[in-house]
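Participant: Build me a model from this:
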Amino acid sequence: MKTLLTLSILFVTMSCTAQSIHSFTVQDITGKDFSFASLKGKKIMVVNTASKCGLTPQYEQLEALFETYKDSNFVIVGFPANNFMSQEPGSNEEIAEFCQKNYGVSFLMMSKISVKGDDMHEVYKFLTQKSLNGLEDSKVEWNFQKYLLNEEGKLEKVISPRTLPNDPEVIKWITK
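Facilitator: Down below sits the predicted model:
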């Protein structure tokens with residue numbers, strides 16, 4: 001009985017320490033501050049992106065997904081990152097131009113960050129560490145890994161980079 005009580009207290013403590021992505025402020029691709037608190041009440045897909053990757057065509061599906069569900073309290077937040085084989089070497093300005101010119105990207109794009117290693121951005125520490133997100137530990141496997149967060153900013157799912165943004169699993173999550 002004492003062990004069960006201790007485990008229950010530990011679980012409640014761990015659940016209460018899990019943050020929300022809404023506590024973060026980052027810089028958008030133009031260098032302006034962007035508060036995730038402005039997304040309260042919306043489902044959020046966070047995705048690390050790259051312009052010179054075999055998965056780069058996912059920008060097209062991401063934009064289509066955003067256009068389809070943006071009026072249903074759904075947003076996409078892209079974070080360009082150069083962590084995988086230098087596949088995002090450009091400046092923020094070059095990345096923004098590439099995304100607009102080639103894919104008509106209108107979803108939120110943030111400034112380039114690191115999504116792994118010693119210089120991992122705080123948002124990605126939150127997304128990848130169970131002690132912070134309350135769900136699970138994960139590693140960013142490659143460009144275009146997707147993190148799905150609910151309306152309260154809590155992590156609910158981690159989606160493989162190779163899973164397309166318009167996969168039925170993702171659509172079901174958005175529409176539930």
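
Participant: Any regions of this structure where pLDDT drops low?
Facilitator: 1-18 (pLDDT under 70).

Participant: helix, strand or coil for the residue positioned nearest the centre of it?
Facilitator: Against the mean C-alpha coordinate of the chain, by CA atoms, centre = their mean, the closest residue is residue 46 at 1.7 Å. Here residue 46 is strand, with the state taken from DSSP: H, G, I helix; E, B strand; the rest coil.

Participant: so who does the nearest residue to it once chain neighbours are set aside touch?
Facilitator: Excluding its sequence neighbours, the residue lying closest to residue 46 (CB to CB, 6 or more residues apart in numbering) is residue 147, at 4.4 Å. From N, CA and C alone the C-beta is placed, and that goes for glycine too. Contacts here follow CB atoms under 8 Å, 6 or more residues apart in numbering; on that basis residue 147 touches 45, 46, 47, 127, 155, 157, 158, 159.

Participant: which SSE is residue 147 in?
Facilitator: strand 146-149 (DSSP states H and E).

Participant: and that strand, which strands flank it?
Facilitator: Paired neighbours of strand 146-149 in the sheet (DSSP bridges): strand 43-49 (antiparallel), strand 155-159 (antiparallel).

Participant: looking at these, which is buried most?
Facilitator: Of the strands paired with strand 146-149, the one with the most neighbours on average (mean count of other CB atoms under 10 Å) is strand 43-49, at a mean of 24.

Participant: Kindly spell out which helices and strands sit in contact with the helix or strand following that one.
Facilitator: Later in the chain than strand 43-49, the nearest helix or strand by DSSP H and E is helix 58-69. Packing partners of helix 58-69 (3 or more CB pairs under 8 Å, 6 or more residues apart in numbering; DSSP states H and E): strand 43-49, strand 74-80, helix 92-103, helix 168-175.

Participant: what inclination does helix 58-69 have with respect to strand 43-49?
Facilitator: Orientation check (axes from the mean of the first three to the mean of the last three CA atoms, to 10 degrees): helix 58-69 against strand 43-49 gives 170 degrees.

Participant: what comes up buried for helix 58-69?
Facilitator: For helix 58-69, a neighbour-count test (16 or more other CB atoms under 10 Å) marks 58, 59, 60, 61, 62, 63, 65, 66, 69 as buried.

Participant: Looking at the residues you listed, spot the one nearest residue 142.
Facilitator: Nearest to residue 142 out of these is residue 58 (CB to CB; 11.1 Å).
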